[in-house]
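# Fold the following for me, if possible:
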Amino acid sequence: MRKTEPIIVGTTGEILEGEAMLVPAATTGTVPITVFHTETGKFYALDDRCTHGAASLAEGFIEDDIIECPQHAARFCLRNGKVLSLPATVDASTHQVKIDGGDILVYVGVPVAKVADAE
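Sure, this is the predicted structure:
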């Protein structure tokens, strides 16, 4: 089994708490991914597109560990990608994130371990 190497998508200082950064497909090598910096100081990464429509989750609203789609208000848990509200019915794909010094490393295509839903 080949070990997936992370990509450096930026530094922790580039994404303010409560904000997100879109990482284009040209950088990820797959699909656009959004890295979220929550108000609790944690970083998460999900595929950028809402699973209900084509809206960019980077343009959504972050509250606690939840992202709300800007188009139809579907909500997803940032910790595990689980759908928390309609109209979405399919979970968002997650990608592992690690912080190394000030660098944000994303393991593209490596889902996070199963964790509890955001409350």
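# Show the contacting residues for the nearest residue to Ala92 once chain neighbours are set aside.
Using Cβ to Cβ, 6 or more residues apart in numbering and skipping residues adjacent in sequence, the residue nearest Ala92 is Gly81, 4.0 Å away. (C-beta placed from N, C-alpha, C; glycine too.) Residues near Gly81 by Cβ atoms under 8 Å, 6 or more residues apart in numbering: Leu46, Asp91, Ala92, Ser93, Thr94, Pro111, Val112.
# Just the pLDDT for the third one.
When you say that, I think you mean Ala92. We have a pLDDT of 96 for Ala92.
# Check what pLDDT the residue nearest to Ala92 gets.
pLDDT at Gly81 comes out at 96.
# Contacts only, for Ala74.
Counting by Cβ under 8 Å, 6+ apart, Ala74 has contacts Cys50, Thr51, His52, Glu68, Val83, Ser85, Leu86, Pro87, Ala88.
# residues in contact with the nearest residue to the second one once chain neighbours are set aside?
Taking Cβ to Cβ, 6+ apart as the measure, Thr51 lies nearest to Val90, with 4.0 Å between them; neighbours along the chain are not counted. If you count contacts by Cβ under 8 Å, 6+ apart, Val90 has them with Thr51, His52, Val83.
# quick one: which of the contacts of Gly81 is most hemmed in?
Leu46 (27 neighbours; other Cβ atoms under 10 Å).
# so what secondary structure elements neighbour the helix or strand that contains Val35?
Using DSSP states H and E, Val35 sits within strand 33-37. Counting by 3 or more Cβ pairs under 8 Å, 6 or more residues apart in numbering; DSSP states H and E, the packing neighbours recorded for strand 33-37 are strand 7-11, strand 19-23, strand 43-47, strand 103-107.
# Just the helices from this protein, written as ranges.
25-28 (DSSP state H).
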